[in-house]
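A.B. asks: task: produce atomic coordinates for the following.
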Amino acid sequence: MTSVCSSGLDIGFASLDYLQIGILGIVQGITELLPVSSTAHMRIVPALLGWPDPGAAFSAAMQLAALAAVVSYFWRDVRDVVGGSVKALRKRDYQNQSFRLAIAILMATVPIGIAGIALSSTLNTCNSPLRSLTVVGVSCIVMAILLAVAELRCLHRRRMGEMGLTDALIIGIAQIGALIPGVSRSGSTLTAALFLNMKREEAARFSFLLGLPAIALAGLKELWVLFHAHIPIEAWSLLLCGLVIASCSAFCAIWGLMKFLESCSTWPFVIYRALLGIFLITAVNVGFLR
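C.D. replies: From the prediction side, this is the model:
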């Protein structure tokens, strides 16, 4: 059995086999981009099946699968934002819509970047208190309540093009919550966008585009940390297997969510998160899960 810790870094995934990694890859890919918290499910599934916790390092590195899926699905948007921003800079057209969207995304990424660096040692350490199932359960319930309030109180009329820089900063601050297992990056940003009266599908679209820098930075940083931790080659092979499987499932998750939000509300996610949180807290208190 491979040690689950290397220089204080939680690498529980190294003790799993390819079938287990494949199953977790599917779970990670689907839940990373749905407002249900991938980190929560990466704690819950192994706990239910009696597997070791794959660790925060695995969850963070696996975000690169979501990056590939988002870029593939929203390729036109990514191309327009990057290409349009370059053209706008050359022409000094700072009112260009693509340029303004790029600035909004970058501005909204700053808060989680600062918070991620400040909390990195706590988040990725072995037996991090933030990865306890009780914390995950409470986070699920809190986010279910906030998403429910957003559904009940907000107008769902604004489009992404109507969003200002202040709106982007508010959503970016909300994204910090994603560092707490159970909150969900897409869940926190989607909920914040809904509170700003954005249409559901537009809120999801901005949430995905906003996630690109944060996901890329978190994933690449974790690969760098794992590289310097000198983990065994078998662990790298497992990680690659998980990334490939998670990329495919993440693309399917995006497609399904965007189609769903075109005509439906987020109430199914509210109910799911609430029930999941109640189950986790109850299961921990009765000793069914630890």
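
A.B. asks: give me the contacts around the helix or strand where residue 39 lies.
C.D. replies: Per DSSP states H and E, residue 39 falls inside helix 38-49. Helix 38-49 is touched from outside by 23-24, 27-28, 31-32, 51-54, 56, 58-59, 62, 131, 133, 136, 139-140, 181-182, 184, 276, 280, 289-290, with contacts defined as CB atoms under 8 Å, 6 or more residues apart in numbering. For the C-beta atoms, the positions are set from N, CA and C on the backbone; glycine is no exception.

A.B. asks: which members of those residues occur in helices, if any?
C.D. replies: For the contacts of helix 38-49, the ones inside helices are 23-24, 27-28, 31-32, 56, 58-59, 133, 136, 139-140, 276, 280, with DSSP state H as the criterion.

A.B. asks: out of those, which one sits closest to residue 238?
C.D. replies: residue 58 (8.8 Å; CB to CB).

A.B. asks: in this structure that closest one contacts residue 11, no?
C.D. replies: Yes: using CB atoms under 8 Å, residue 58 and residue 11 qualify as a contacting pair, with a distance of 7.2 Å.

A.B. asks: any of the contacts of helix 38-49 buried? List them.
C.D. replies: 23-24, 27-28, 31-32, 51-54, 56, 58-59, 62, 131, 133, 136, 139-140, 181-182, 184, 276, 280, 289 (16 or more other CB atoms under 10 Å).

A.B. asks: picking up where we left off before, just the ones in helices among the contacts of helix 38-49: which has the poorest pLDDT?
C.D. replies: Model confidence across the ones in helices among the contacts of helix 38-49 bottoms out at residue 56, which has 75.

A.B. asks: so who does residue 130 touch?
C.D. replies: Residues in contact with residue 130 (CB under 8 Å, 6+ apart) are 122, 123, 179, 180, 181.

A.B. asks: with residue 182 as the reference, measure out to it.
C.D. replies: 9 Å (CB to CB, to the nearest Å).

A.B. asks: low-confidence ranges in the chain?
C.D. replies: Under the criterion pLDDT under 70, the flagged ranges of the chain are 1-10, 123-128.

A.B. asks: where do the helices sit along this structure?
C.D. replies: Read by DSSP H, the chain holds these helices, from start to end of the chain: 18-33, 38-49, 56-61, 63-73, 75-91, 97-123, 133-153, 165-175, 185-195, 200-228, 233-261, 267-285.

A.B. asks: in JSON lines: those, plus distance to residue 159.
C.D. replies: As requested, the helices of the chain are exported to JSON lines (distance: least, CB to CB, whole Å):
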{"stretch": "helix 18-33", "distance to residue 159": "21"}
{"stretch": "helix 38-49", "distance to residue 159": "28"}
{"stretch": "helix 56-61", "distance to residue 159": "32"}
{"stretch": "helix 63-73", "distance to residue 159": "19"}
{"stretch": "helix 75-91", "distance to residue 159": "13"}
{"stretch": "helix 97-123", "distance to residue 159": "11"}
{"stretch": "helix 133-153", "distance to residue 159": "17"}
{"stretch": "helix 165-175", "distance to residue 159": "12"}
{"stretch": "helix 185-195", "distance to residue 159": "11"}
{"stretch": "helix 200-228", "distance to residue 159": "5"}
{"stretch": "helix 233-261", "distance to residue 159": "14"}
{"stretch": "helix 267-285", "distance to residue 159": "22"}
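
A.B. asks: any idea which of those is most buried?
C.D. replies: The highest average neighbour count among these, using mean count of other CB atoms under 10 Å, belongs to helix 185-195 at a mean of 27.

A.B. asks: convert the C-alpha atoms of that helix to CSV, please.
C.D. replies: Extracted in CSV, the C-alpha atoms of helix 185-195 (Å, rounded to 0.1, in the frame of the first residue of the first chain):
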residue,chain,number,x,y,z
ARG,A,185,-17.3,26.6,-7.4
SER,A,186,-20.0,26.4,-10.0
GLY,A,187,-22.7,26.5,-7.2
SER,A,188,-21.3,29.6,-5.5
THR,A,189,-20.8,31.5,-8.8
LEU,A,190,-24.1,30.4,-10.3
THR,A,191,-25.9,31.4,-7.1
ALA,A,192,-24.2,34.8,-7.0
ALA,A,193,-25.1,35.4,-10.6
LEU,A,194,-28.7,34.5,-10.0
PHE,A,195,-28.8,37.0,-7.1
